[in-house]
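Participant: sequence and predicted structure are below.
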Amino acid sequence: GAVVSQHPSRVICKSGTSVKIECRSLDFQATTMFWYRQFPKQSLMLMATSNEGSKATYEQGVEKDKFLINHASLTLSTLTVTSAHPEDSSFYICSAPERGGLTDTQYFGPGTRLTVL
Amino acid sequence: QKEVEQDPGPLSVPEGAIVSLNCTYSNSAFQYFMWYRQYSRKGPELLMYTYSSGNKEDGRFTAQVDKSSKYISLFIRDSQPSDSATYLCAMSEDGGYNKLIFGAGTRLAVHP
């Protein structure tokens, strides 16, 4: 299957700082990428859909000014958590569908664990 | 009512047992059904993918979809300790380019 990477895998930051998370499709082009958040022992909740060359689409309740998404190329989407606070501490996971792949579904990155002190 | 219901477990079974994991859903427009496996602190890994109703088998894994009952299942035969993980069902109306709706995930522990 397709491979999606994320960087960093883990980040610890102070309250009030901004953190950028990268999501890359390694062996395929992704015009669309998805960003999820997962709290401990809970399922994945979609935050936003990232579209190459256009504005992201945010799910209800997700602050677009706090979670900035940029999808500048066909292989890279970034999520910036601005002015992070302890309640933003979570596991952030991106995914991308592989166009023309064997399955019409999404492949997930390994996730980024964010801890805000 | 959630769109997708999945018992979070935990489910504990002995090695070699047959495991049955299930999800129910309410949206009749769902046509794409997936099972993902997630190890602790890792991203979900696609296990099984099914379009519409029917069965699909891959090694020790069998996925079943019954759209008339809005019920999907994942069976694991000859379960191994390495199968210990959280299993997430996911569904979509229009395939991978649209949002997936996940179940809560079932935590499975296979003990030797």
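Facilitator: That came through fine.
Participant: I'd like to check which residues are in contact with residue 112.
Facilitator: Picked chain A for this. Neighbouring residues of residue A:112 by Cβ atoms under 8 Å, 6 or more residues apart in numbering or on different chains: A:6-11, A:21, A:91-93. (Each C-beta comes from the backbone N, C-alpha and C, glycine too.)
Participant: if you could check chain B rather than the one you did, that'd help
Facilitator: Residue B:112 is in contact with B:14-15, B:81, counting by Cβ under 8 Å, 6+ apart.
Participant: 10 Å instead, please
Facilitator: B:14-16, B:80-81 (Cβ atoms under 10 Å, 6 or more residues apart in numbering or on different chains).
Participant: same thing with residue A:17?
Facilitator: For residue A:17, the contact set (Cβ under 10 Å, 6+ apart) comprises A:11, A:81-84, A:116-117.
Participant: identify, from the residues you listed, the entry nearest to residue B:108.
Facilitator: Comparing those against residue B:108 with Cβ to Cβ picks out residue A:11 as the nearest, at 29.5 Å.
Participant: give me the pLDDT value at that closest one.
Facilitator: At residue A:11, the predicted lDDT confidence score is 97.
Participant: ok, residue A:49 touching residue A:79?
Facilitator: No - at 11.9 Å, residue A:49 and residue A:79 do not qualify as touching, with contact defined as Cβ atoms under 10 Å.
Participant: indicate the residue of chain A located nearest to chain B.
Facilitator: The minimum distance from chain A to chain B, using Cβ to the nearest Cβ, falls at residue A:97 (3.3 Å).
Participant: who's that residue bridged to?
Facilitator: Counting by DSSP bridges, residue A:97 forms beta bridges with residue A:106.
Participant: what is the burial count for it?
Facilitator: Residues lying near residue A:97 (other Cβ atoms under 10 Å in any protein chain shown) number 24.
Participant: go ahead and confirm it touches residue B:46.
Facilitator: No - counting by Cβ under 10 Å, residue A:97 stays clear of residue B:46, with 11.1 Å between them.
Participant: on that earlier part again, neighbour count winner among residue A:49 and residue A:79?
Facilitator: Just comparing residue A:49 and residue A:79: by other Cβ under 10 Å the higher neighbour count belongs to residue A:79, 25 against 19.
Participant: the closest residue to that one other than its chain neighbours: which element?
Facilitator: Spatial nearest neighbour of residue A:79, chain neighbours left out: residue A:21 (4.7 Å); criterion: Cβ to Cβ, 6 or more residues apart in numbering or on different chains. Secondary structure from DSSP states H and E places residue A:21 in strand A:19-25.
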